[in-house]
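Chemist: what shape does this take:
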Amino acid sequence: MSTNKIKLSEAEWKVMKLLWEESPKTMMQITNLLKETTGWTKHTVMTFLKRMEEKEAIHYEEGGRAKLYYPDIKKEEVVLQETEEFLHKVFDGRMGLMLNTMVEKKVLSKSEIDELYDILKKAEEETKEK
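Modeler: So this is what the prediction gives:
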């Protein structure tokens with residue numbers, strides 16, 4: 001697995017999500033799974049796969065009649081990297097400012113607030129244990 005920072009485009013995220021869900025997948029499997037929501041042809045998917053190989057986000061192995069594609073980066077690593085970049089770009093790296101903005105604009109549901117309480121409580125307990 002690569003530890004380099006890899007910047008994924010929105011389209012590449014769609015491909016990666018499929019590969020993280022279940023891999024390997026062939027180019028045609030990826031194309032068929034994304035065709036309805038994106039309208040992409042096999043040539044479009046082929047272009048994305050080539051670009052993602054060059055970024056070292058994925059690799060392929062020769063399968064029977066088709067290449068089998070695998071992810072080379074972990075979802076958790078990319079999600080954390082993207083989240084940190086967003087937080088720094090939009091909120092100067094301040095999680096509290098982001099949450100305060102969301103609370104003020106009333107974009108959090110009751111269940112999301114409850115989930116945040118649970119996350120913070122768990123983090124607090126883990127901090128006490130250390």
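Chemist: so how far is the longest helix along the chain from its chain's centroid?
Modeler: Secondary structure of the chain per DSSP state H: the longest helix is helix 110-129. Here the centre of helix 110-129 is set off from its chain's centre by 23 Å, with CA atoms, centre = their mean, to the nearest Å.
Chemist: residues contacting stretch 56-72, please?
Modeler: 1-2, 4, 6, 8, 12, 15-16, 19-20, 23-28, 30, 49, 52-53, 73 (CB atoms under 8 Å, 6 or more residues apart in numbering). In short, each C-beta sits where N, CA and C put it, glycine included.
Chemist: what do you get for stretch 108-123?
Modeler: By CB under 8 Å, 6+ apart, stretch 108-123 touches Leu99, Met102.
Chemist: re the thing from before, of the contacts of stretch 56-72, which belong to strands?
Modeler: Among the contacts of stretch 56-72, DSSP state E puts none in strands.
Chemist: correct me, but Glu12 touches Phe48?
Modeler: Yes: Glu12 is within contact range of Phe48, at 6.0 Å (criterion: CB atoms under 8 Å).
Chemist: show me what Leu68 is bridged to.
Modeler: Taking DSSP bridges, one obtains Glu61 as the residues bridged to Leu68.
Chemist: identify each buried residue in stretch 78-96, please.
Modeler: The neighbour-count check on stretch 78-96 (16 or more other CB atoms under 10 Å) flags Val78 as buried.
Chemist: dump that stretch to PDB, restricted to CA.
Modeler: Listed in PDB are the C-alpha atoms of stretch 78-96, where the atom choice follows Å, rounded to 0.1, in the frame of the first residue of the first chain:
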ATOM      1  CA  VAL A  78      -7.400   8.900   1.800                       C
ATOM      2  CA  VAL A  79     -10.500  10.000   3.800                       C
ATOM      3  CA  LEU A  80      -8.200  11.400   6.600                       C
ATOM      4  CA  GLN A  81      -6.000  13.200   4.100                       C
ATOM      5  CA  GLU A  82      -9.000  14.800   2.300                       C
ATOM      6  CA  THR A  83     -10.600  15.700   5.600                       C
ATOM      7  CA  GLU A  84      -7.500  17.400   6.900                       C
ATOM      8  CA  GLU A  85      -7.000  19.300   3.600                       C
ATOM      9  CA  PHE A  86     -10.600  20.500   3.700                       C
ATOM     10  CA  LEU A  87     -10.400  21.500   7.300                       C
ATOM     11  CA  HIS A  88      -7.200  23.500   6.700                       C
ATOM     12  CA  LYS A  89      -8.500  25.100   3.500                       C
ATOM     13  CA  VAL A  90     -11.900  26.100   4.700                       C
ATOM     14  CA  PHE A  91     -11.600  26.400   8.500                       C
ATOM     15  CA  ASP A  92      -7.900  27.200   9.100                       C
ATOM     16  CA  GLY A  93      -7.500  23.700  10.500                       C
ATOM     17  CA  ARG A  94     -10.000  24.400  13.400                       C
ATOM     18  CA  MET A  95     -12.500  21.600  13.900                       C
ATOM     19  CA  GLY A  96     -14.400  23.600  16.500                       C
END
